[in-house]
Structures are given as structure tokens and as C-alpha cells.
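Undergrad: A predicted structure for the sequence below; I have some questions about it.
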Amino acid sequence: MVELAEVNSNGDINNNDDGKCSYSRTSRDEAMNAAATKVQKVYKSYRTRRSLADCAVVVEELWSLLLETF
């Protein structure tokens, strides 16, 4: 079981009085989570743009095919 304890100024893991290590979420962890979230959002928007571009190409090809048949 992980228990929260006081964190030193560096955000390091400290030992409790009973000798067990405890962990506290640091600003570094929060920054890593924020960076991961940003990367995921950017990649999702990239996939959306690619999908829309692919749809535009398909529509253009179908339109050309339709015009050629008449």
C-alpha cells in the first residue's frame, strides 16, 4: 500500500517513521501527463485532418468518374 508523506523541496520520495517508502505526485509527473495529453490531442487532430483529406480525394475521384460517364 502506498501512503502519501511529506515531500522535500525537490519532490523526492521520503521515508516514513516506520521505514516504509512513500511517494507523492511531483510537478514533474504532472508536466509529463500534460505533455502526453498534448501529444495525444495533436495526433488526434492529425488523424482527423488526414481522414478529411482522404474523403476529399475520394469525392473528387467519384465526381470525375461521374462526369466521364455522361
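TA: Perfect, thanks for sending it. What you see is a predicted model, and the numbers here were worked out from it, not measured in a lab.
Undergrad: what ranges do the helices span in the protein?
TA: Using DSSP state H, the helices found in the chain span residues 27-69.
Undergrad: point out where it drops to low pLDDT.
TA: Low-confidence segments of the chain (pLDDT under 70): 1-25.
Undergrad: any idea how far residue 48 lies from residue 55?
TA: According to CB to CB, to the nearest Å, residue 48 and residue 55 sit 11 Å apart. Heads up, the C-betas are built off the backbone N, CA and C, glycines and all.
Undergrad: can you check residue 41 too?
TA: Applying CB to CB to residue 41 and residue 55 gives a distance of 21 Å.
Undergrad: and what of residue 66?
TA: The separation that residue 66 has from residue 55, given CB to CB, amounts to 16 Å.
Undergrad: could you do residue 38 as well?
TA: In terms of CB to CB, residue 38 sits 26 Å off from residue 55.
Undergrad: report how many residues lie close to residue 26.
TA: Applying other CB atoms under 10 Å, we find 14 residues neighbouring residue 26.
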